[in-house]
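*Asks:* no sequence on hand, only this structure:
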């Protein structure tokens, strides 16, 4: 019974996600579903991205949170259009929520859409929201054991951002082990070492993102 | 339809949780449901607890993870009885899983049971597992905005552990703001500043835990 209901929900979600994906592809808007634990640095990555790419690309953001508009407020300060979704307790975004949020954005001339999902390394990985690529952020403060403990999100992501590498000297994070485990789960994924605080590795992330926009428009 | 099924699941879970809770209360086993994001330091807190209390109390651990026995392996090295639950993708422990795990533990002469839940600040807060107290761990590396973004788990917890305070000098964590928000959500909660790495604040945590054992047995 539970399984049937869950499978219906996922099936319906896949339909709406496919519809969103087709629309975004037609318009040439490269769309990222940005995933990661609470506090891994997703919003900081979005801030860096807007700040450094806004003269070159039109970027819009959808912010997913259980409560508060804290993240949307942060993003709005950078001058990018942003829609906040509050799930009010819900543990992930779904395609229907994103579809409603898209109605509040002007999609004309948009190049990049970043959907920052709810901070949660588990549930959001199961629900497509129309994205072209999932990107997962892992803070080195979380420990190198996380890829094997939460494999689905690492398997599904086109890029993995190892964030907060400025904290490496103050943690026991075994970066070789993390890199080995991530590559084992997903040999195709781009693996980028970043500090949104110092700016280290941010250029490589932006290069990856620009390349995806070009590939979509080929 | 979805809501009905969800409510049935929660109701059934509450029944099993109440049954477990009654049994543990009868035996005088103080039971913690330990919650927090991936990598906030739950397992390190368990290690410190066993290491420093094992000569005084009999402690057993139930470890919840989606996959791997990494945490149970860590705990077993400290010489405490431990049962690993793998949810295989499931985002939280439920009471039925804990009931099965309890069958694998010798409950005679046990004083404290710590159930380390799946790393997730959202879903586990909705499912009681028979505990006497929820305890939530928040790493300062996650940022001070988390209590207001994930209020349920902070409201429900009898103690809040602000962990990794050794990282405070290397982050922008506004501790006053975190303390204000947590106290606002839950004025009764014990609020402890801890570093499992340096040992700072661990004594206060152990005092709190010992006090709970005494209160249960009064």
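*Replies:* The structure has been received and is ready for your questions. Quick caveat: nothing in here was measured; it's all calculated off a predicted structure.

*Asks:* only C-alpha atoms from now on, for both contacts and neighbour counts.
*Replies:* OK.

*Asks:* residues from chain A in reach of chain B?
*Replies:* Contact residues (CA under 8 Å from any CA of the partner chain) of chain A with chain B: A:2, A:5, A:37-40, A:65-68, A:70, A:89-91, A:120-123, A:141-143, A:145-146, A:148-150, A:152, A:167, A:170.

*Asks:* buried ones from those residues, can you make that a ChimeraX selection?
*Replies:* Selection of the buried residues among these in ChimeraX, burial being defined by 16 or more other CA atoms under 10 Å in any protein chain shown:
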select /A:37,38,39,40,65,66,67,68,89,90,91,120,121,122,123,141,142,143,145,146,148,149,150,152,167
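
*Asks:* which residues touch residue A:110?
*Replies:* A:29, A:57-60 (CA atoms under 8 Å, 6 or more residues apart in numbering or on different chains).

*Asks:* any of those buried? List them.
*Replies:* Counted by 16+ other CA under 10 Å, those give A:29, A:58-60 as buried.

*Asks:* tell me, what residue is most central in chain A?
*Replies:* Using CA atoms, centre = their mean, the residue of chain A that lies closest to the mean C-alpha position is residue A:34, 0.6 Å off.

*Asks:* my read: that one touches residue A:136, true?
*Replies:* Yes: using CA atoms under 8 Å, residue A:34 is in contact with residue A:136, at 6.0 Å.

*Asks:* which strands and helices lie in contact with the lengthiest helix in chain A?
*Replies:* Determined from DSSP state H, the single longest helix within chain A is helix A:2-27. Helix A:2-27 sits against helix A:95-102, with contacts defined as 3 or more CA pairs under 8 Å, 6 or more residues apart in numbering or on different chains; DSSP states H and E.

*Asks:* now residue A:50: how far from chain B?
*Replies:* According to CA to the nearest CA, to the nearest Å, residue A:50 stands 21 Å off from chain B.

*Asks:* should've said residue A:189
*Replies:* 21 Å.

*Asks:* contact partners for that residue?
*Replies:* A:157-160, A:183.

*Asks:* now render these as CSV, adding secondary structure, pLDDT and neighbour count.
*Replies:* Converted to CSV, the contacts of residue A:189 look like this (DSSP: H, G, I helix; E, B strand; the rest coil; pLDDT from 0 to 100; neighbours: other CA atoms under 10 Å in any protein chain shown):
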residue, secondary structure, pLDDT, neighbour count
A:157, strand, 98, 23
A:158, strand, 98, 19
A:159, strand, 98, 23
A:160, strand, 98, 27
A:183, helix, 98, 18
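
*Asks:* dump these into JSON lines; add distance to residue A:47 as well.
*Replies:* Listed next are these as JSON lines, based on distance: CA to CA, whole Å:
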{"residue": "A:157", "distance to residue A:47": "20"}
{"residue": "A:158", "distance to residue A:47": "20"}
{"residue": "A:159", "distance to residue A:47": "18"}
{"residue": "A:160", "distance to residue A:47": "18"}
{"residue": "A:183", "distance to residue A:47": "27"}
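
*Asks:* the residue lying closest to residue A:99 once chain neighbours are set aside: how many residues sit nearby?
*Replies:* Closest residue in space to residue A:99, ignoring its immediate chain neighbours: residue A:20 at 6.9 Å, by CA to CA, 6 or more residues apart in numbering or on different chains. By other CA atoms under 10 Å in any protein chain shown, the residues close to residue A:20 number 20.

*Asks:* same question for residue A:109.
*Replies:* By the criterion of other CA under 10 Å, residue A:109 has 12 neighbours.

*Asks:* that one touches residue A:58, doesn't it?
*Replies:* Yes: using CA under 8 Å, residue A:109 is in contact with residue A:58, at 6.8 Å.

*Asks:* please enumerate the strands of chain A.
*Replies:* A:30-36, A:59-65, A:82-86, A:112-116, A:133-139, A:157-163, A:190-193 (DSSP state E).

*Asks:* now the second one, how far from the centre of its chain.
*Replies:* Pointing back at strand A:59-65 there. 10 Å (CA atoms, centre = their mean, to the nearest Å).

*Asks:* ok, residues contacting that strand?
*Replies:* The contact list for strand A:59-65, computed with CA under 8 Å, 6+ apart, reads A:50, A:71-72, A:75, A:80-88, A:92-93, A:98, A:101, A:105, A:110-119, B:149.

*Asks:* got any ranges where chain A has weak pLDDT?
*Replies:* A:1-6 (pLDDT under 70).

*Asks:* and if we set it to 80?
*Replies:* Across chain A, the ranges flagged by pLDDT under 80 are A:1-7.

*Asks:* quick check: end-to-end length of stretch A:99-114?
*Replies:* Terminal residues of stretch A:99-114 lie 14 Å apart, using CA to CA, to the nearest Å.

*Asks:* buried sites along it?
*Replies:* Buried-residue list, stretch A:99-114, by 16+ other CA under 10 Å: A:99, A:101-102, A:107, A:110-114.

*Asks:* equivalent analysis for stretch A:15-34, please.
*Replies:* Neighbour-count burial for stretch A:15-34, counted by 16+ other CA under 10 Å, picks out A:15-21, A:24-25, A:27-34.

*Asks:* contacting residues for residue A:39?
*Replies:* A:119, A:139, B:141-143, B:146 are the contacts of residue A:39 under CA under 8 Å, 6+ apart.

*Asks:* how close does residue A:195 sit to residue A:203?
*Replies:* Between residue A:195 and residue A:203 the distance, using CA to CA, works out to 11 Å.

*Asks:* and the gap between residue A:155 and chain B?
*Replies:* 13 Å.

*Asks:* thinking that residue is in contact with residue A:184, fair?
*Replies:* No: Residue A:155 lies out of contact with residue A:184 (CA under 8 Å); the separation is 9.2 Å.

*Asks:* and these two? Which one has more around it.
*Replies:* Ranked by neighbour count (other CA under 10 Å), residue A:155 and residue A:184 place residue A:155 first, with 22 against 13.

*Asks:* look up the closest residue to the more buried one, ignoring the ones flanking it.
*Replies:* Nearest residue to residue A:155 in three dimensions, chain neighbours excluded: residue A:186, at 5.1 Å (CA to CA, 6+ apart).

*Asks:* check contacts around the closest residue to residue A:44 other than its chain neighbours.
*Replies:* In space, residue A:44 comes closest to residue A:196 once its chain neighbours are excluded; the distance is 6.1 Å by CA to CA, 6+ apart. Residue A:196 makes contact with A:41, A:44-45, A:48, A:163-164, A:202, according to CA under 8 Å, 6+ apart.
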